[in-house]
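# any chance you could fold what I've pasted below:
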Amino acid sequence: MKLYSEFADWFALLTPPSEYRREAAVYARLLRSAKTLLELGSGGGHNASHLKRRFRMTLVDLSPAMLRASRRLNPGCEHRRGDMRTLRLGRTFDAVFIHDAIMHLATERDLRRAVATAFAHLRDGGVALFAPDYVRDTFRPGVESGGSRKGGREVRWLGWDVAGVATLAYVMRDGTKVRGAIDRFRFGLFSRATWMRVLRDAGFRPKRVRAVDGRDAFIGVRKG
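From the prediction side, this is the model:
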């Protein structure tokens with residue numbers, strides 16, 4: 001996606017870190033017993049900008065541009081480039097967290113690979129938290145919009161989520177220069193039953209929980 005490459009420098013205006021404060025507090029409560037936290041698909045580090053106050057964090061993302069943005073925002077956190085489907089760091093953590101980046105995994109095979117990565121990086125008794133935007137059981141097609149401005153730069157976006165395909169339109173202004181772009185990608189839309197089965201098959205003790213605005217999230221405890 002252009003958003004994760006050539007437009008990565010605009011990400012902090014598209015969804016400002018301050019907008020993540022409330023949901024990060026929910027995730028922190030769900031992971032409250034942890035001290036070390038691995039975030040897979042950490043993007044621009046907006047959740048981490050709040051979670052790093054509670055946890056010692058390692059942030060992993062596939063996009064070099066997003067990692068650069070996160071390093072500026074979270075200079076005290078460890079950053080590693082990697083794919084959540086194949087990453088193996090050779091060490092374990094108290095907790096693993098995957099936020100909306102999990103939506104980019106459009107097949108159950110890839111979902112299983114990411115869940116296996118989370119499992120491989122947890123100590124016995126460790127907890128993984130998966131927070132997808134949607135589950136099939138409650139998904140409704142819709143339109144969202146947002147953006148912000150700072151100084152002479154401004155971004156506005158409009159997004160459609162329909163039938164497993166997300167389309168995002170951006171308008172970006174830098175001083176008097178204005179340009180636009182469109183991104184489109186397939187997203188994974190799995191049922192609650194599929195989530196629970198995939199976690200159980202990976203070796204987790206799974207549980208469905210309510211997260212921000214009543215959305216479904218899934219916790220897996222690695223059996224000790």
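
# going by C-alpha atoms from here, please, whenever you check contacts or count neighbours.
Fine.

# residue 74 touches residue 51, doesn't it?
No - taking C-alpha atoms under 8 Å as the definition, residue 74 is not a contact partner of residue 51, at 10.5 Å.

# list the buried residues in the longest helix along the chain.
For the chain, the longest helix by residue count, based on DSSP state H, is helix 108-120. For helix 108-120, burial by neighbour count (16 or more other C-alpha atoms under 10 Å) applies to 110-120.

# tell me what that helix is packed against?
Helix 108-120 sits against helix 192-202, with contacts defined as 3 or more C-alpha pairs under 8 Å, 6 or more residues apart in numbering; DSSP states H and E.

# got the CA positions of the helix it packs on in PDB?
C-alpha atoms of helix 192-202 as PDB (Å, rounded to 0.1, in the frame of the first residue of the first chain):
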ATOM      1  CA  ARG A 192     -15.400 -15.800  15.900                       C
ATOM      2  CA  ALA A 193     -15.500 -19.600  15.500                       C
ATOM      3  CA  THR A 194     -12.500 -19.500  13.100                       C
ATOM      4  CA  TRP A 195     -10.500 -17.300  15.400                       C
ATOM      5  CA  MET A 196     -11.100 -19.600  18.400                       C
ATOM      6  CA  ARG A 197     -10.300 -22.700  16.400                       C
ATOM      7  CA  VAL A 198      -7.100 -21.200  14.900                       C
ATOM      8  CA  LEU A 199      -5.900 -20.200  18.400                       C
ATOM      9  CA  ARG A 200      -6.700 -23.600  19.900                       C
ATOM     10  CA  ASP A 201      -5.000 -25.400  17.100                       C
ATOM     11  CA  ALA A 202      -1.800 -23.300  17.700                       C
END
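
# so what touches it?
The contact list for helix 192-202 (C-alpha atoms under 8 Å, 6 or more residues apart in numbering) reads 111-112, 115-116, 119, 135-137, 205-208, 218, 220.

# go on, stretch 138-151?
Contacts to stretch 138-151, defined as C-alpha under 8 Å, 6+ apart, come from residues 13-16, 154-163.

# any chance of these in TSV, with distance to residue 188, neighbour count and pLDDT too?
Output for the contacts of stretch 138-151, formatted as TSV (distance: C-alpha to C-alpha, whole Å; neighbours: other C-alpha atoms under 10 Å; pLDDT from 0 to 100):
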residue	distance to residue 188	neighbour count	pLDDT
13	26	19	95
14	22	22	94
15	21	18	93
16	24	17	95
154	30	18	97
155	26	23	97
156	25	18	97
157	22	19	96
158	20	15	97
159	16	18	97
160	15	16	96
161	11	19	95
162	12	15	92
163	10	12	83
